[in-house]
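Visitor: what follows is a predicted protein model with its sequence.
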There are 2 protein chains.
Amino acid sequence: MPYNLWYWPGIQGRGEFVRLALEAGGIDYRDCARETGAEAMMQNMAGFARKPFAPPYLEIDGFAIAQVANILMYLGERHHLAPSNMADRLWLHQVELTIADMVAEAHNVHHPVGGGLYYDDQKAEAARAAEQFRSERMPKFLNHFERAITANEGDWLIDHRWTYTDCSLFQLVEGLRYMFPERMQTLEKDIPNLIRLHDLVADLPGMKAYLNSDRRLAFNEEGIFRHYHELDAA
Amino acid sequence: MPYNLWYWPGIQGRGEFVRLALEAGGIDYRDCARETGAEAMMQNMAGFARKPFAPPYLEIDGFAIAQVANILMYLGERHHLAPSNMADRLWLHQVELTIADMVAEAHNVHHPVGGGLYYDDQKAEAARAAEQFRSERMPKFLNHFERAITANEGDWLIDHRWTYTDCSLFQLVEGLRYMFPERMQTLEKDIPNLIRLHDLVADLPGMKAYLNSDRRLAFNEEGIFRHYHELDAA
């Protein structure tokens, strides 16, 4: 039986991190809200006693698993998209949570005052936040991931095979390239292992098929990674 | 052998969520950086092949477990501070990650432009961010936690005993009361179950002893929950 994945239709957003693991792993799923709409998702979500705070969530046997890193940890254990020993599992989850932190900070760049207001209502604040993010946070996070990969002897984050966190690192690079093309051009020379890993993930059979399908939406200015030219700089 | 916990000395910060679980659970630990200082922590952290992105982290058998929710999940499984069936474990971790999201947003209130700048350099932006946080985010998060508790028949988040996430909910209420005393006075009438749970946690023997000890630092304006009068309102 396919998994029921629920996430906002129309954007990649946080749901994309879950989709990529499912697609790369060849795991069957329905992208429910793309079939039924956001309204139906809100109704579905409200029905759980243990209601998620927000999409994305995976509906399984009458309960909902929410929070991207939590969903991925579940899928990783259940579908062998992660190693099974404790130290490796915890390390993978740790890196995944750090990716989630960077994603939240990237969103904060265009919505520093709050997600409830439009970008146009916080452009001045966003310009300052973007400057800080580009100069301080991007190198710090990206160098951390670079070092994490370098700590492993194989091509991937752990051992000699891909895990769900490798898929998330791919998506992080994709999103940052879309959001900050100029800045990434400067920074990518310092993160060769992360870029190589990105390319390896893009080449996984399941991933390749997905990226070439119409299931992969384009980035846009409704999602987390948004391109506003005025927020980018080399 | 006691655990080695590493976190910035001088503040409660994110480390406090780990401390509370350790203290409530009667688990022996050393608060290393309080003995050796921040400089020694930076050196220790740099020594791991799998280096954490940031404190807090727990040093175990030569590797480091970082990210608060990850550390707590580990302690929960190892020391029975959490139920063992899958659905409950995932739910607990999910709520913990949502607490982490709210903590990050609370920090963002006084540092909307970036953590690398002083509050004084972003007071105008902070005033706007605080207004959004008070009006939109605080009710949304707090009502979510209230509903999560109400979904359980017992007094706690799950079953009839406390878990590490109950300790984190206690700390969240403590921090928000310190940061937004006026706003919390307004909101607390809508979250009776969360407040009751907060009081129950405060009354756990291990917790009570800790809160009355000098190991429990006071909140201050170097931490995550900071009281700036101008950012609060009923």
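Guide: Perfect, I can see it now.
Visitor: dihedrals phi and psi, residue A:29?
Guide: Residue A:29 has phi and psi values of phi -150, psi 160 when expressed as degrees, to the nearest 10.
Visitor: measure it to chain B for me?
Guide: 17 Å (C-beta to the nearest C-beta, to the nearest Å). All C-beta spots, glycine's among them, are computed from the backbone N, C-alpha and C.
Visitor: who's that residue bridged to?
Guide: residue A:3 (DSSP bridges).
Visitor: neighbours of it, how many?
Guide: Residue A:29: 15 surrounding residues under other C-beta atoms under 10 Å in any protein chain shown.
Visitor: could you report the pLDDT at it?
Guide: Looking at residue A:29, its pLDDT is 98.
Visitor: next, the contact list for it, please.
Guide: A:2-5, A:19, A:22 (C-beta atoms under 8 Å, 6 or more residues apart in numbering or on different chains).
Visitor: what do you get if the cut-off is 7 Å, keeping everything else the same?
Guide: A:2-3, A:5, A:22 (C-beta atoms under 7 Å, 6 or more residues apart in numbering or on different chains).
Visitor: likewise for residue A:31?
Guide: Counting by C-beta under 7 Å, 6+ apart, residue A:31 makes contact with residue A:5.
Visitor: and it, how close does it get to residue A:195?
Guide: Using C-beta to C-beta, to the nearest Å, we find residue A:31 at a distance of 29 Å from residue A:195.
Visitor: again, but for residue A:92
Guide: Going from residue A:92 to residue A:195 by C-beta to C-beta gives 20 Å.
Visitor: neighbour count winner among those two?
Guide: residue A:92 (25 against 17).
Visitor: and for that one, nearest residue in space, chain neighbours not counted?
Guide: residue A:165 (5.0 Å; C-beta to C-beta, 6 or more residues apart in numbering or on different chains).
Visitor: what's next to the helix or strand harbouring the one you found, contact-wise?
Guide: Using DSSP states H and E, the element containing residue A:165 is helix A:164-179. Here helix A:164-179 makes contact (C-beta under 7 Å, 6+ apart) with A:16-17, A:20-21, A:24, A:72, A:75-76, A:81-82, A:92, A:95-96, A:99, A:102, A:106, A:145, A:156-157, A:184, A:194-195, A:197-198, A:201-202, A:219, A:224-227.
Visitor: contacts only, for residue A:14.
Guide: Residue A:14 makes contacts with A:56, A:68, A:103, A:224, as judged by C-beta under 7 Å, 6+ apart.
Visitor: touching, the third one and residue A:223? I think so.
Guide: No. In this structure residue A:103 lies outside contact range of residue A:223 using C-beta atoms under 7 Å: 10.7 Å.
Visitor: now residue A:79: how far from residue A:56?
Guide: For residue A:79, the distance to residue A:56 - C-beta to C-beta - is 17 Å.
Visitor: ok, these two, which is more surrounded?
Guide: Neighbours were counted for residue A:79 and for residue A:56 using other C-beta under 10 Å; residue A:56 has more, 25 against 14.
Visitor: wait, doesn't that one sit right on residue A:19?
Guide: No. The criterion here is C-beta under 7 Å, and residue A:56 misses it with residue A:19 at 8.6 Å.
Visitor: after the lengthiest helix in chain A, which helix or strand is next?
Guide: For chain A, the longest helix by residue count, based on DSSP state H, is helix A:86-110. The helix or strand immediately downstream of helix A:86-110 is helix A:123-132, counting by DSSP H and E.
Visitor: skipping its backbone neighbours, what lies nearest residue A:41 in space?
Guide: Of all residues not flanking residue A:41 in the chain, residue A:33 sits nearest, at 4.2 Å (C-beta to C-beta, 6+ apart).
Visitor: which ones are touching that neighbour?
Guide: A:6-9, A:40-41.
Visitor: wasn't it part of a helix?
Guide: Yes. Counting by DSSP: H, G, I helix; E, B strand; the rest coil, residue A:33 is part of a helix.
Visitor: report the separation between it and residue A:14.
Guide: According to C-beta to C-beta, residue A:33 stands 13 Å off from residue A:14.
Visitor: and residue A:188, by the same measure?
Guide: For residue A:188, the distance to residue A:14 - C-beta to C-beta - is 24 Å.
Visitor: for stretch A:104-122, give the mean pLDDT please.
Guide: pLDDT averaged over stretch A:104-122 gives 94.
Visitor: list the buried residues for that stretch?
Guide: A:104-114, A:117, A:122 (16 or more other C-beta atoms under 10 Å in any protein chain shown).
Visitor: which bits of chain A sit near chain B?
Guide: Residues of chain A that fall close to chain B, judged by C-beta under 7 Å from any C-beta of the partner chain: A:49-51, A:53, A:63, A:65-67, A:69-70, A:74, A:87, A:90-91, A:93-94, A:97-98, A:104, A:108, A:112-114, A:116-117, A:125, A:128-129, A:132-133, A:136, A:144, A:147-148, A:151.
Visitor: any chance of the contacts of residue A:29 in JSON lines, plus neighbour count?
Guide: Shown next, in JSON lines, are those (neighbours: other C-beta atoms under 10 Å in any protein chain shown):
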{"residue": "A:2", "neighbour count": "11"}
{"residue": "A:3", "neighbour count": "19"}
{"residue": "A:5", "neighbour count": "21"}
{"residue": "A:22", "neighbour count": "25"}
